[in-house]
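> need a 3D model of the following:
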Amino acid sequence: MRRYSGHYKSSNGVNNIAFNVTVPDGKPKGIVQIAHGMCENSLLYLHMMEYFSAHGYIVCANDFLGHGRSAECYGDVGFFAQKNGWRCIVRDMKLLTDKMCRKFPDLPVILIGHSMGSFAAREYLTWYGDDISACVLVGTSDGFDNRKALVLFTKLMCLYEGGRYHLPFILKIGSFLFNNKMSRMSIGWDWLSRDKKVRDLMDRHAFDYTARAYNDIITLLDAISAPDWAYSIPVDLPLLMMSGNKDGVGECGKGVARLYRRLKKAGCKNVKVRLYGGARHMLLHETNRKRVYDDLLLWIDKTLKEVQNEKSVS
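Purely as a prediction, here's the structure:
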């Protein structure tokens with residue numbers, strides 16, 4: 001196995017996007033592309049990348065705008081772009097897909113998005129769904145209350161300093177709300193994972209987002225919550241949703257179930273759901289992550305085999 005990293009120009013025309021790749025020994029079976037969540041970067045998924053490369057997959061992941069090595073200075077941290085930043089992060093994902101397909105042609109692509117990355121992946125499906133072979137949504141949900149009002153509110157916040165100022169209280173409010181949804185006495189980062197090492201990591205590395213970035217995130221959520229969103233997804237695309245049944249973002253499974261019903265109503269033929277008992281939001285970094293990895297690998301192997309068989313028949 002070998003690993004390499006680099007940069008490519010963002011779709012915003014300004015920033016350079018950092019990315020990491022792991023390549024297996026021998027002939028690869030496909031390309032797995034990971035889209036990370038809030039306050040994260042691609043290096044957090046290095047263990048997962050190495051796991052899938054050890055099982056024959058090329059794995060790639062980029063740092064979103066304002067994250068990791070894609071943030072070149074403090075002012076860039078927690079900031080996407082001055083205009084349509086949410087669109088930029090989706091387009092930057094596609095730029096990585098295209099980059100990998102040029103370097104490793106004729107391989108199927110499986111997109112995996114976690115949390116904020118799953119929201120970006122869902123919009124990706126409506127724009128570029130025909131260019132991938134399967135998609136996995138981890139720690140996702142469906143819709144939220146008063147989203148139009150929140151879009152307007154965050155847009156108004158951007159009138160001051162162009163929205164480039166950081167908001168230090170939003171993450172604390174979010175943690176409080178998601179901890180409450182777990183129906184237990186929880187504080188701080190408890191809602192993220194049962195693994196204390198992961199919670200300690202967030203204590204050290206979590207950062208605040210700008211008002212403009214929150215407007216982008218809410219606008220993205222609004223777009224994928226629209227009634228007609230799911231009808232733009234290719235109906236034959238294999239989809240897997242994975243979540244913990246103690247994940248507050250997914251409303252402890254209820255939000256995931258709603259999304260499943262919406263996808264099926266839109267005609268999506270191959271949608272699967274896996275819920276894990278006791279697991280919280282960061283399912284890929286939970287205490288049972290080895291089982292999650294194994295289940296995910298099994299689904300990807302099986303799905304790509306079925307896709308290949310269908311191509312052979314046609």
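> so what's R289 up against?
Neighbour list for R289: M48, L283 [criterion: Cβ atoms under 8 Å, 6 or more residues apart in numbering]. C-beta here means a position set from N, CA and C on the backbone, and glycine is covered the same way.
> buried sites along stretch 287-303?
Under the neighbour-count criterion of 16 or more other Cβ atoms under 10 Å, stretch 287-303 has N288, R289, V292, Y293, L296, L297, W299, I300, T303 buried.
> and the closest residue in space to the fifth one that isn't next to it in sequence, helix, strand or coil?
The shortest distance from L296 to any residue other than its chain neighbours is 6.6 Å, reached at V136 (Cβ to Cβ, 6 or more residues apart in numbering). Look at V136: counting by DSSP: H, G, I helix; E, B strand; the rest coil, its state is strand.
> cool, the one 5 residues further on as well?
Here S141 is coil, with the state taken from three-state DSSP.
> neighbours around it, how many?
Other residues near S141 come to 25 when the count uses other Cβ atoms under 10 Å.
> hang on, the earlier thing: among the buried residues of stretch 287-303, which one sits closest to N309?
Nearest to N309 out of the buried residues of stretch 287-303 is T303 (Cβ to Cβ; 10.7 Å).
> and the helix or strand harbouring the closest one, what's its mean pLDDT?
Element membership of T303, judged by DSSP states H and E, is helix 289-313. Average pLDDT, helix 289-313: 91.
> do a quick rundown of the helices in the stretch 201-314 of the chain.
Remark: helices assigned in the stretch 201-314 of the chain by DSSP state H, counting those that start in this stretch are 211-224, 254-265, 289-313.
> turn these into JSON lines, including distance to G26.
Shown next, in JSON lines, are the helices of the stretch 201-314 of the chain (distance: least, Cβ to Cβ, whole Å):
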{"stretch": "helix 211-224", "distance to G26": "37"}
{"stretch": "helix 254-265", "distance to G26": "35"}
{"stretch": "helix 289-313", "distance to G26": "15"}
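> wait, which of those is closest to P105?
helix 289-313 (15.8 Å).
> and the residue most central in space within the chain, how close does it get to R261?
Residue closest to the average C-alpha location in the chain (Cα atoms, centre = their mean): G117, at 1.8 Å. Taking Cβ to Cβ, to the nearest Å as the criterion, G117 is separated from R261 by 23 Å.
> hmm, back to that, measure the residue nearest to L296 to W299 for me?
On the measure of Cβ to Cβ, V136 and W299 end up 8 Å apart.
> now for these two: what residues contact both?
What both V136 and W299 touch, as defined by Cβ under 8 Å, 6+ apart, is the set L240.
> how much space between the residue nearest to L296 and F178?
Taking Cβ to Cβ, one finds V136 at 22 Å from F178.
> quick one: low-confidence ranges for the stretch 201-314 of the chain?
By pLDDT under 70, the low-scoring segments of the stretch 201-314 of the chain are 313-314.
> quick check: pLDDT value at S175.
Confidence at S175, expressed as pLDDT, is 89.
> ok but it is inside a strand, no?
No - applying three-state DSSP, one finds S175 to be helix, outside a strand.
> what distance do you get for it to K302?
Separation of S175 from K302 (Cβ to Cβ) stands at 37 Å.
> what segments of the stretch 1-150 of the chain are strands?
Applying DSSP state E, counting those that start in this stretch to the stretch 1-150 of the chain gives strands spanning 2-9, 16-23, 30-35, 57-62, 109-114, 134-138.
> between those, which gets nearest to D92?
Of all these, strand 16-23 sits nearest to D92, with 5.3 Å by Cβ to Cβ.
> and the closest one, what's buried?
Neighbour-count burial for strand 16-23 flags I17, A18, F19, N20, V21, T22, V23 (criterion: 16+ other Cβ under 10 Å).
> what pairs with that strand, parallel or antiparallel?
strand 2-9 (antiparallel), strand 57-62 (antiparallel) (DSSP bridges).
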